[in-house]
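# have a look; sequence and predicted model below, questions after that.
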Amino acid sequence: MKEVLFTKYSNERDPRFAIRTSIIEDSKKNKRYVEKTAVTKEAEGHVQNMLVAYEKLSEYYKGTDVQFSKCKIKNGVAVFDYIDGNSLGDKFEKLVENEDYKGILELYKSFEDIVKKGKILTASVQGDFHDIGKNLCILMLESNGFQVIDMGVDVPQEKIEECIKKESPNILMLSAMIAPTMEVMKMTIEYLREKGVTENLKIMVGGAPLTEETAKSMGAAYSADAVSAVEVAEKLLNI
């Protein structure tokens, strides 16, 4: 017999990307497990990205005393064996549950001396306050050896120009999650080209309303999700 002991919905700021977390007890098998389910189609990518990040972190600690629960994707649901305690694996799961992606990055940085592949400057364009997808990309990029400078959300084009001049990044990664800010993204890229700060700069873009075609029309590379962001960045820098 299975009994749901606890259920929580994350990401109340943007219901489109909500994930349901449930702790379930299976009395027949005498075990507990955690299910993380995408409530919407848009959230499915977040569940997959979360699993990839979890697997990478557990790989770093393979062969040590640090406990990580086994995890698998079953019918689109991330299923974790339940660990009750204060292990690093348990801490990671709590960070994921609270969508604390910066906290997850601190876990990586606490034990991994990363050789930087390149510098990436990222921002959500002006008028766009969404940051969950961008933060997932940062998590994956930094854990794969890139240095990422995050300018945050609602960033004006003038501030991006200033930061490009100051930091000299290899890649500019822009995010827009709604149609109106996709237009702002186009204008921002045009502005930066007019200012002459993109000559030695690769540009990659991502967000819900974008496609490969719209990115191409901006003269930028397209990243569909956090996993592909790493692949795109490495391709742009011929790594």
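Sure thing, it's come through. Residues are numbered from 1 along each chain as shown.

# all contacts plus neighbour counts: C-alpha atoms, from now on.
Fine.

# who's in contact with Val197?
Glu161, Ile164, Lys165 (C-alpha atoms under 8 Å, 6 or more residues apart in numbering).

# isn't Gln147 up against Ile138?
No. Here Gln147 does not reach Ile138: they are 9.0 Å apart, not a contact under C-alpha atoms under 8 Å.

# tell me which of the two has more neighbours.
Remark: of Gln147 and Ile138, Ile138 carries more neighbours, 27 against 20, as counted by other C-alpha atoms under 10 Å.

# look up how far Ser22 lies from Lys41.
Distance of Lys41 to Ser22, given as C-alpha to C-alpha, to the nearest Å: 18 Å.

# in a markdown table: the contacts of Val197, plus pLDDT and neighbour count.
Listed next are those as a markdown table, based on pLDDT from 0 to 100; neighbours: other C-alpha atoms under 10 Å:
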| residue | pLDDT | neighbour count |
| --- | --- | --- |
| Glu161 | 95 | 19 |
| Ile164 | 94 | 20 |
| Lys165 | 93 | 11 |
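
# list just the nearest of those residues to Asn238.
Ile164 (20.9 Å; C-alpha to C-alpha).

# using PDB, write out every CA atom in stretch 165-175.
Below are the C-alpha coordinates for stretch 165-175, written out as PDB (Å, rounded to 0.1, in the frame of the first residue of the first chain):
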ATOM      1  CA  LYS A 165      33.400  46.700 -22.000                       C
ATOM      2  CA  LYS A 166      34.400  46.000 -18.400                       C
ATOM      3  CA  GLU A 167      34.400  42.200 -18.400                       C
ATOM      4  CA  SER A 168      35.400  41.300 -22.000                       C
ATOM      5  CA  PRO A 169      33.300  38.100 -22.100                       C
ATOM      6  CA  ASN A 170      33.600  35.400 -24.700                       C
ATOM      7  CA  ILE A 171      29.900  34.900 -24.900                       C
ATOM      8  CA  LEU A 172      26.800  37.000 -24.100                       C
ATOM      9  CA  MET A 173      23.800  34.900 -23.100                       C
ATOM     10  CA  LEU A 174      20.500  36.700 -23.100                       C
ATOM     11  CA  SER A 175      17.100  35.400 -21.800                       C
END
